[in-house]
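*Asks:* Quick one: sequence plus predicted model below, questions after.
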Amino acid sequence: MALSRIGKQIITLPSGVSATVKGTEVEVKGPKGTLTHTLVQASAEVADNQLRVLVDESGKNGKAMHGLARAILNNMVLGVSQGFSKTLLINGVGYRADLSGSKLTLNLGFSHPITYELPKGVSGKVDKQTTIVLESIDKQLLGQVAAEIRGFRPPEPYKGKGVKYSDERIIRKVGKAGVK
């Protein structure tokens with residue numbers, strides 16, 4: 001019987017991080033906060049400062065959920081101990097961002113500014129009006145917020161104007177060829 005290679009790996013809890021399992025509910029506490037997750041077709045156990053994911057093979061997708069459950073729990077442990085951050089870059093003439101409290105105001109070349117409320121659990125800062133740094137302990141929520149902000153004006157392939165991730169590479173296209 002083949003199990004997930006990722007799912008079989010044990011998650012070692014760093015110092016200051018504790019995990020409790022109640023049925024299918026897993027709660028991870030650390031210096032940065034607390035996260036909870038309900039496992040689907042899997043269960044977990046904590047022993048000797050290690051977290052292990054057990055597969056439920058009675059369901060149709062039990063083995064498929066094994067690696068996913070382990071990856072989610074590992075991201076929870078990393079989040080409460082270190083946290084996650086994503087950086088978005090704004091490129092374009094007159095394109096800028098401003099953050100006041102949890103309201104992010106984006107000027108992205110439209111006739112009106114876009115106001116985006118950062119959800120609870122995500123904090124941000126704006127550097128030089130063109131760099132947005134988002135931080136959170138929840139990796140899924142952070143990625144969702146970053147994708148929503150990028151979705152307001154994705155980078156276009158001709159001049160690269162728009163909102164992009166800091167590690168994203170834009171494949172540029174050549175403009176018009178001369179008409180004869």
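*Replies:* Thanks, I have the structure now.

*Asks:* could you check the distance from the closest residue to residue 99 other than its chain neighbours over to residue 30?
*Replies:* Closest residue to residue 99 apart from its sequence neighbours, by CB to CB, 6 or more residues apart in numbering: residue 126 at 4.6 Å. No exception for glycine: its C-beta is placed from N, CA and C like everyone else's. Using CB to CB, to the nearest Å, we find residue 126 at a distance of 27 Å from residue 30.

*Asks:* which stretches of the protein form strands?
*Replies:* Using DSSP state E, the strands of the chain run over 11-12, 18-22, 25-30, 33-38, 42-47, 50-55, 84-91, 96-100, 103-107, 114-117, 122-127, 131-136, 162-165.

*Asks:* still on that earlier bit, bridging across strands, which residues link to the residue nearest to residue 99?
*Replies:* Legend: beta-bridge partners of residue 126 under DSSP bridges are residue 132.

*Asks:* if I pick it, what's in contact with it?
*Replies:* Going by CB atoms under 8 Å, 6 or more residues apart in numbering, residue 126 touches 97-99, 104, 132-133.

*Asks:* Just put those residues in a markdown table and tack on distance to residue 114.
*Replies:* Converted to a markdown table, the contacts of residue 126 look like this (distance: CB to CB, whole Å):
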| residue | distance to residue 114 |
| --- | --- |
| 97 | 10 |
| 98 | 11 |
| 99 | 13 |
| 104 | 8 |
| 132 | 12 |
| 133 | 18 |
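
*Asks:* Tell me which two in the residues you listed are the farthest apart.
*Replies:* 98 and 133 (13.8 Å; CB to CB).

*Asks:* Next, count neighbours for the residue nearest to residue 172 when sequence neighbours are not counted.
*Replies:* Closest residue in space to residue 172, ignoring its immediate chain neighbours: residue 157 at 5.9 Å, by CB to CB, 6+ apart. Here the number of neighbours of residue 157 (other CB atoms under 10 Å) works out to 13.

*Asks:* just residue 47 next, same as before
*Replies:* For residue 47, the tally of surrounding residues (other CB under 10 Å) stands at 8.

*Asks:* Show me the domain layout of the protein.
*Replies:* Per the record, the chain has its domains at 5-81, 84-165, by automatic domain parsing.

*Asks:* quick one, which of these is nearest to residue 176?
*Replies:* When the domains of the chain are compared by CB to CB, domain 84-165 sits nearest residue 176, at 9.7 Å.

*Asks:* Need the residue closest to the centroid of the chain.
*Replies:* By CA atoms, centre = their mean, the chain has its centre lying nearest to residue 143, at 2.9 Å.

*Asks:* my guess is that residue meets residue 85, correct?
*Replies:* No: in this structure, residue 143 is not within contact of residue 85 by CB atoms under 8 Å, at 11.3 Å.
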